[in-house]
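Visitor: need coordinates for the below:
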Amino acid sequence: MKKTLAVIGILGMCSATSAFAMDNMMDMDHMKMMVDKHMKMMDTNGDGMISKEEHEEGAEKMFKMADTNNDGMVSKQEMMDMKMKEMKDIGMMDKK
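Guide: Have a look, this model is predicted:
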């Protein structure tokens with residue numbers, strides 16, 4: 001009986017570990033997609049690198065996208081809305 005419980009416990013831990021590993025792989029896939037999206041948007045000269053100037057231009061572009069009410073400031077809600085849209089765009093959330 002003790003051996004059976006030990007085996008069940010070990011199998012449960014293996015399943016949990018596999019599920020955790022799968023979640024992490026999916027998270028890494030999503031992270032890669034997010035980085036790829038940002039690289040594509042910011043790397044305007046297509047050299048595979050982001051210069052300080054490209055970063056500044058990209059940051060300005062993202063700020064303008066987030067500032068949906070055009071008041072020159074980004075609220076927490078505007079930032080949340082932008083992040084939710086990004087997550088939907090890369091398939092992290094169901095599109096509704």
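
Visitor: from now on I want contacts and neighbour counts done on CA atoms only, so please keep to that.
Guide: Will do.

Visitor: tell me the secondary structure at Lys88.
Guide: Following DSSP: H, G, I helix; E, B strand; the rest coil, we place Lys88 in the helix state.

Visitor: measure it to Asp71 for me?
Guide: Relative to Asp71, Lys88 is positioned 25 Å away (Cα to Cα, to the nearest Å).

Visitor: which one's more surrounded, those two?
Guide: Lys88 (14 against 9; other Cα atoms under 10 Å).

Visitor: so what pLDDT did that one get?
Guide: Here, the pLDDT recorded for Lys88 equals 86.

Visitor: cool, the one 3 residues further on as well?
Guide: The per-residue pLDDT reported for Gly91 equals 78.

Visitor: which ones are touching it?
Guide: Contact partners of Gly91, counting by Cα atoms under 8 Å, 6 or more residues apart in numbering, are His30.

Visitor: mind running it again at 10 Å?
Guide: Residues near Gly91 by Cα atoms under 10 Å, 6 or more residues apart in numbering: 30, 33, 85.

Visitor: tell me the least confident of the residues you listed?
Guide: Among those, His30 has the lowest pLDDT, at 83.

Visitor: OK, contacts around that residue?
Guide: His30 neighbours (Cα under 10 Å, 6+ apart): 24, 36, 87, 90-92.

Visitor: tell me the secondary structure for it?
Guide: helix.

Visitor: what is the burial count for the closest residue to Met73 other than its chain neighbours?
Guide: Closest residue in space to Met73, ignoring its immediate chain neighbours: Asp67 at 6.2 Å, by Cα to Cα, 6 or more residues apart in numbering. The tally of other residues near Asp67 (other Cα under 10 Å) stands at 16.

Visitor: is it true that Asp67 touches Met80?
Guide: No - counting by Cα atoms under 10 Å, Asp67 does not reach Met80; the two are 11.3 Å apart.

Visitor: so what sits against both of these two?
Guide: Contacts common to Asp67 and Met80, judged by Cα under 10 Å, 6+ apart, are Val74.

Visitor: what ranges do the strands span in this protein?
Guide: Shown for the chain, no strands are assigned by DSSP state E.
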